[in-house]
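>>> Next one to model:
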Amino acid sequence: MRGDYQQLVDEISAVLRAPATLEDRDFGLIAFGAHGSVTDDDSKLTMDPVRTRSILHRRSTAAVRAWFEAFGIARATGPVRIPPDPAAGVVMGRICLPVRHAGVVHGYVWLLDDGHLSRLETGGPGVPPDPRLAQAMDTAARIGAQLAAEAQAGAEASELLRELLTGPPGGQDAAVAGLRGALGASADGLLAVVAVAPWLRGDEDAGTAADSPGSALAGQPGVAAICVAPVPGGAADGLAALVRLRAATALEPALTAAERLLRSPRAEPAAARPGGGLAAAAVRAAPVGAEGGAPGAAAGISGPRRGLDDLPAAWREAVAAARAARADPRLGAIAEWAAIGPYRTLTRLPAAAPPDPAGAPLLEPAQAQLAHTAEVFLDCAGQASRAAAALGIHRQTLYYRLSRVEKLTGLDLNEGEDRLLLHMALKVARL
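Predicted coordinates:
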């Protein structure tokens with residue numbers, strides 16, 4: 001179906017001889033036509049930064065979106081002319097064709113105007129639009145019908161995926177059967193689950209699965225279904241994306257989906273959530289040289305599965321990997337379940353479990369430096385030279401700090417089990 005969108009966008013570009021771009025209602029890129037000119041003289045082409053960014057990043061900025069929406073495009077039923085605004089990076093004017101179906105706007109077609117569209121009549125009360133724009137609007141209506149049908153199918157698949165991942169075991173067989181019918185042959189292929197958490201739920205997400213979350217992945221092949229779902233063991237929502245894989249060792253489609261989802265405004269930024277607590281103050285002071293601070297959303301990728309039956313376990317893996325990525329900056333914003341090490345075990349512990357008494361003294365804010373020193377030392381397998389180099393301190397300074405750690409905790413860092421206990425206490429505190 002995505003190929004159909006490209007063909008329809010090319011039709012509009014050909015009729016109006018103008019570069020056309022199709023975006024969904026959340027300004028996520030779906031398709032775009034070639035950037036030509038009325039004279040086809042490449043030396044005279046003027047690249048528009050907004051269009052370039054939309055193509056490269058598959059999304060427009062909030063400022064650009066606000067500028068365009070100020071012209072009433074979400075309510076318009078016909079072409080809307082928008083002037084340039086160099087301050088916002090809108091070098092060229094454009095004509096917006098609202099993509100609607102059954103009275104609902106599903107997206108927008110943007111036509112860059114390098115001057116040759118300036119005399120086209122966009123229409124108004126008692127004034128018909130230019131026939132070429134009328135033809136383009138007919139094509140936009142066909143796009144709207146396809147987007148509406150896709151949204152409906154996506155909503156049904158989303159509801160089934162949500163039921164499968166988070167519903168009671170008694171209802172999972174029915175969800176598997178329904179999802180298999182919705183996905184066709186891909187339901188029995190290789191799949192991975194991507195989790196993004198926290199995910200800010202919109203009003204349209206309440207109650208039933210909506211198509212809006214999927215707009216973050218508009219135009220990306222391989223995404224079979226997407227839904228908003230409660231994160232296991234937590235109060236926040238997460239986003240689950242079911243992604244088709246070509247091979248068990250090729251997670252690129254899942255990585256691409258995770259990267260795009262993290263760019264969505266629904267992926268909770270760090271500034272939206274307060275930091276604090278023992279993890280922020282004492283432990284997140286960072287692995288090897290990283291700065292602390294409250295993290296934003298992170299993404300996790302499950303191990304590959306064949307078919308739908310084991311997806312609830314894959315969802316738990318993906319959420320665990322996302323939790324680990326939020327806790328440990330060394331993992332980056334996207335973590336694979338196979339690569340999160342001890343967090344594979346620690347994320348299975350109850351979220352409300354109190355810290356172990358032996359490690360608790362280190363988790364006070366005043367002991368942040370000692371906690372960081374102990375964690376780096378243990379991450380370096382107890383090798384003093386590596387730990388001192390990683391911390392940027394003299395080895396004698398390291399020994400002094402470790403002696404203070406032992407006094408505070410009552411643990412002997414020459415004993416393997418004491419090391420394990422303290423190491424796990426520090427990692428659990430991150431979570």
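>>> from here on, contacts and neighbour counts on C-alpha atoms
Will do.
>>> Could I get the full set of helices for the stretch 101-250 of the chain?
131-166, 172-183 (DSSP state H, counting those that start in this stretch).
>>> scratch that, the stretch 301-431 of the chain
Counting by DSSP H, counting those that start in this stretch, the helices of the stretch 301-431 of the chain are 311-327, 343-346, 368-379, 384-391, 395-409, 416-430.
>>> Pipe those helices into CSV and attach mean neighbour count and distance to Ala236 per row.
Formatted as CSV, those follow (neighbours: other CA atoms under 10 Å; distance: least, CA to CA, whole Å):
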stretch, mean neighbour count, distance to Ala236
helix 311-327, 26, 11
helix 343-346, 16, 19
helix 368-379, 23, 27
helix 384-391, 18, 35
helix 395-409, 15, 33
helix 416-430, 19, 17
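>>> Adding mean pLDDT and distance to Val196, write the ones you listed out as a markdown table.
Formatted as a markdown table, the helices of the stretch 301-431 of the chain follow (pLDDT from 0 to 100; distance: least, CA to CA, whole Å):
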| stretch | mean pLDDT | distance to Val196 |
| --- | --- | --- |
| helix 311-327 | 94 | 7 |
| helix 343-346 | 93 | 17 |
| helix 368-379 | 95 | 27 |
| helix 384-391 | 96 | 31 |
| helix 395-409 | 96 | 36 |
| helix 416-430 | 92 | 18 |
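>>> Which one, of those, ends up nearest to Gly93?
helix 311-327 (41.5 Å; CA to CA).
>>> what comes into contact with the closest one?
Helix 311-327 has contacts (CA atoms under 8 Å, 6 or more residues apart in numbering) with 164-166, 192-197, 231-232, 240, 284, 295-305, 331-337, 340, 343-344, 347-348, 430-431.
>>> for Trp199, what are its contacts?
228, 236-239, 266-268, 297.
>>> one more time with 6 Å, if that's ok
By CA atoms under 6 Å, 6 or more residues apart in numbering, Trp199 lies in contact with 237-238, 266-268.
>>> do the same with Arg306
189-190.
>>> one step back: hey, which of the helices of the stretch 101-250 of the chain is tucked in deepest?
helix 131-166 (a mean of 20; mean count of other CA atoms under 10 Å).
>>> From the contact counts, what lies against it?
strand 93-101, helix 172-183, strand 223-230 (3 or more CA pairs under 6 Å, 6 or more residues apart in numbering; DSSP states H and E).
>>> Send me the second one as PDB with only the CA atoms.
Output in PDB follows, covering the C-alpha atoms of helix 172-183 (Å, rounded to 0.1, in the frame of the first residue of the first chain):
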ATOM      1  CA  GLN A 172      -4.500 -14.900  24.400                       C
ATOM      2  CA  ASP A 173      -5.500 -17.800  22.100                       C
ATOM      3  CA  ALA A 174      -8.200 -15.700  20.500                       C
ATOM      4  CA  ALA A 175      -5.800 -12.800  20.200                       C
ATOM      5  CA  VAL A 176      -3.300 -14.900  18.400                       C
ATOM      6  CA  ALA A 177      -5.900 -16.300  16.000                       C
ATOM      7  CA  GLY A 178      -7.200 -12.800  15.300                       C
ATOM      8  CA  LEU A 179      -3.700 -11.300  14.800                       C
ATOM      9  CA  ARG A 180      -2.700 -14.200  12.600                       C
ATOM     10  CA  GLY A 181      -5.700 -13.400  10.400                       C
ATOM     11  CA  ALA A 182      -4.800  -9.700  10.300                       C
ATOM     12  CA  LEU A 183      -1.100 -10.200   9.500                       C
END
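>>> what's near enough to touch the residue of the chain positioned farthest from its centre?
Residue farthest from the centre of the chain, counting by CA atoms, centre = their mean, is Gly126 at 45.2 Å. Counting by CA under 6 Å, 6+ apart, Gly126 touches no other residue.
>>> domains for this protein, by residue range?
Per the record, the chain has its domains at 2-148, 167-346, 360-430, by automatic domain parsing.
>>> Tell me how far the longest one lies from the chain's centre.
Put plainly, it is domain 167-346. 8 Å (CA atoms, centre = their mean, to the nearest Å).
>>> now do the first one
Using CA atoms, centre = their mean, the mean C-alpha position of domain 2-148 is found 25 Å from that of the whole chain.
>>> any weak-confidence spans in this structure?
Along the chain, the parts satisfying pLDDT under 70 run over 1-3, 34-60, 88, 154, 202-221, 233-235, 268-295, 352.
>>> Pick out the residue nearest the middle of it.
Against the mean C-alpha coordinate of the chain, by CA atoms, centre = their mean, the closest residue is Leu261 at 1.7 Å.
>>> what helix or strand does it sit in?
helix 252-262 (DSSP states H and E).
>>> could you check the angle strand 223-230 makes with that helix?
Put simply, helix 252-262 runs at 50 degrees to strand 223-230, going by axes from the mean of the first three to the mean of the last three CA atoms, to 10 degrees.
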